[in-house]
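Colleague: Take a look and give me a structure for this.
(chains A and B)
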Amino acid sequence: MAKPKLKPEIKTETLVSAAPKWNVVVLNDPINYQAYVVVAFMSVLRISAAEAKKLMRAIHAEGRATVWTGDRERAEMLSLELQQWHLNSLLEKDG
Amino acid sequence: MAELRLSMTQEARTVLSDLLRLIAPAAARVSVNRANVPANDEEIAGFWVDTLSAQASEEARLLAVAFASAKGDPAVILLPNEAQAHAFLRALSAVRFALRDLVFADITDAQLENAEDLDDESLPTEKRHALACYACFGLLQQSLISQLCPEAFD
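Modeller: Down below sits the predicted model:
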């Protein structure tokens, strides 16, 4: 007797988990002048003077601000570059 | 971009150069010590320390050379391009941080932020002297930024 052919039902699904985002945070410091911080942001983050000033004011008012969010490798590079400008930057996982 | 110029009296140049000779070697070390280096990855941490250390040493050298070669009265430092101007700004920042950590450790951040209001008569002479240099380095930064990127000011 022939064995019945079993046609197994196979379901596949792809789980896509998004890589976690990382925040580059800059803390206020009493040494660097506001205009210096603006120049540093313009140079490192490639943003306009107006955007850089907005970030600088947020840091001055709140003591800290997230200046960039994205993948870890780029976040590490930006944080290092900001520290080369002697800004007090750190990395935090988003969420 | 036109070259950038910083000028100061010959006396100021001499005083600032003398202080730089003392503080510049420490400035590179302070920069590395202050950095928030990622602690969870030894390879990345090593890369950061090497990068920060090499850059801080190079910029301290640039600063020392610039002051030493400033000629005339007023003494003039010429910076030929934006990259050098940025390096000069960073080096001045490193020196200010070094002074903060090594000389003004007992002065609070709030006092230092309003250093012009500080009752400097109560400070010992060498600290008053360092405080004046700290302010001068800040003025040089402001002067450079006003030429490089005037829109950075409010």
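Colleague: Next up, the contacts around the residue positioned nearest the centre of chain A.
Modeller: Taking Cα atoms, centre = their mean, the centroid of chain A lies closest to residue A:69, which sits 2.6 Å from it. Going by Cβ atoms under 8 Å, 6 or more residues apart in numbering or on different chains, residue A:69 touches A:21, A:22, A:23, A:24, A:75, A:94. For glycine as for every other residue, the C-beta is placed from the backbone atoms N, C-alpha and C.
Colleague: Looking at the helix or strand where residue B:52 lies now, give me its mean pLDDT.
Modeller: Per DSSP states H and E: residue B:52 is located in helix B:42-68. Average pLDDT, helix B:42-68: 90.
Colleague: Am I right that the residue nearest to the centre of chain A falls within a strand?
Modeller: Yes. The assignment for residue A:69 is a strand, going by DSSP: H, G, I helix; E, B strand; the rest coil.
Colleague: who does it bridge with?
Modeller: residue A:23 (DSSP bridges).
Colleague: ok, it to chain B distance?
Modeller: 17 Å (Cβ to the nearest Cβ, to the nearest Å).
Colleague: And the strands in the chain?
Modeller: Went with chain A since none was named. Applying DSSP state E to chain A gives strands spanning A:22-27, A:64-70, A:88-93.
Colleague: oops, chain B please
Modeller: B:4-8, B:75-79.
Colleague: Distance to residue B:98 for the ones you listed - can I get that in TSV?
Modeller: Formatted as TSV, those follow (distance: least, Cβ to Cβ, whole Å):
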stretch	distance to residue B:98
strand B:4-8	20
strand B:75-79	20
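Colleague: do you know how far the residue nearest in space to the middle of chain B is from chain A?
Modeller: In chain B, the centroid-proximal residue (Cα atoms, centre = their mean) is residue B:92; its distance is 1.8 Å. From residue B:92 across to chain A, the span is 9 Å (Cβ to the nearest Cβ).
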